[in-house]
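J.: sharing a model prediction with you, sequence too.
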Amino acid sequence: MLHLTSTDIAGQIEDLYGAPLADLKAHAQDQPPGMLSALLGMHDTLALAEGSIDFHRDHLTRLIHPERQIGPHEVSHLLDGTRRLAEAVAIREIQAKSIAAVLQSLARAPASTPASPTPSQPAPAAPLAAQSVAHSR
């Protein structure tokens with residue numbers, strides 16, 4: 001499975017909207033909620049989950065350092081850190097899959113060009129009434 005990071009997602013959002021992420025965030029603040037603000041919110045959650053993964057992984061690494069004694073008190077910290085790491089990984093995976101699916105369904109809109117008038121097509125003719133095949137008497 002392809003693992004998309006918040007940096008990959010940021011690049012896709014920038015490509016989709018044709019502007020740097022910082023500019024898009026500033027623009028979205030002045031707009032009513034829409035797809036851009038939803039994508040930016042999902043990206044922020046993904047980035048936060050990645051930061052949480054790094055933090056909890058580093059914390060667990062310090063707790064299990066070979067020179068460190070692991071007693072009953074430390075075991076509860078190990079279990080808590082492991083639980084928090086697993087939660088952060090789950091959040092990251094869900095957010096990455098969700099935002100990737102949304103981005104895949106979107107395409108960058110072509111640059112707007114003045115619309116050339118197209119001749120209107122005549123309306124189709126009304127269907128003819130069915131003729132009776134019964135003979136008159």
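T.: Received the coordinates, thanks.
J.: number of residues surrounding Ile53?
T.: Look at Ile53: counted by other CB atoms under 10 Å, it has 18 neighbours. The way it works is simple: take the backbone N, C-alpha and C, and place the C-beta from them, glycine included.
J.: can you tell me the closest non-neighbouring residue to it?
T.: Ala88 (4.6 Å; CB to CB, 6 or more residues apart in numbering).
J.: list the contacts of Gln31.
T.: Ser37 (CB atoms under 8 Å, 6 or more residues apart in numbering).
J.: swap that for Leu21, please
T.: Going by CB under 8 Å, 6+ apart, the list of residues near Leu21 reads 10, 13-14, 40, 43.
J.: quick one, longest helix in this structure?
T.: The longest helix of the chain (DSSP state H) is helix 72-105.
J.: got the buried residues for it?
T.: 81, 84-85, 88-89, 91-92, 95-96, 99-100, 103 (16 or more other CB atoms under 10 Å).
J.: how about the residues you listed in TSV, adding distance to Thr5?
T.: Output for the buried residues of helix 72-105, formatted as TSV (distance: CB to CB, whole Å):
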residue	distance to Thr5
Gly81	22
Arg84	20
Leu85	17
Ala88	14
Val89	13
Ile91	14
Arg92	9
Gln95	11
Ala96	8
Ile99	11
Ala100	11
Leu103	13
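J.: in contact with the residue positioned nearest the centre of the chain, which residues?
T.: Central residue of the chain (CA atoms, centre = their mean): Ile99, 1.7 Å from the mean position. Ile99 sits next to 4, 9, 39, 42-43, 46 when contact means CB under 8 Å, 6+ apart.
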